[in-house]
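Asks: this one's structure only:
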């Protein structure tokens, strides 16, 4: 009986952290600036659009992305994303995952895809407006 209790304790000690880590939905986002690229006239080419270096704005974008409930899905969109962005460390020039950003036809929501991690999400109107404004400096409805 004592052996069973010890076995159960060890299982809890080792399995609970694995389950918590496996169920975690937050992303590991590193970098102290955001590099934003805009699609060039409906093609699959992109040009530098914006660099966000303000630490408060970068942290706000990270907070939004970490608060999202991402879906594990490989999606195929009808056209390339209107914008792409990634976080970059200004000292080492290393960058992380590239986020593709699509604007809904009604211009009230955005969809994000992280290709390297097969993650997808459509944001609420409020989160869409907030993140779009942080990334582009524009209002989503005015795009």
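Replies: Happy to help now that I have it. Bear in mind that the values here come from a model prediction, so they are computed numbers and not experimental data. Residues are numbered from 1 along each chain as shown.

Asks: Buried ones in the top strand by length along the chain, by neighbour count?
Replies: Using DSSP state E, we find that the single longest strand of the chain is strand 95-103. Buried residues in strand 95-103, counted by 16 or more other CB atoms under 10 Å: 96, 97, 98, 99, 100, 101, 102, 103. In short, each C-beta sits where N, CA and C put it, glycine included.

Asks: The first one against residue 32, yeah?
Replies: Which is residue 96. No. Judged on CB atoms under 8 Å, residue 96 makes no contact with residue 32 at a distance of 11.7 Å.

Asks: any shared contact partners between the two?
Replies: Common neighbours of residue 96 and residue 32 (criterion: CB atoms under 8 Å, 6 or more residues apart in numbering): 87, 88.

Asks: The chain: strands as residue ranges?
Replies: 33-39, 46-52, 71-72, 83-88, 95-103, 110-114, 119-122.

Asks: Excluding its own residues, what touches the shortest one? List them.
Replies: Here strand 71-72 makes contact (CB under 8 Å, 6+ apart) with 118, 119, 120, 121.

Asks: what do you get for the fifth one?
Replies: The set of residues external to strand 95-103 that reach it, using CB under 8 Å, 6+ apart, is 27-31, 35, 65, 77, 79-89, 109-117, 132, 135, 140, 143.

Asks: That strand vs strand 83-88, what angle?
Replies: 160 degrees (axes from the mean of the first three to the mean of the last three CA atoms, to 10 degrees).
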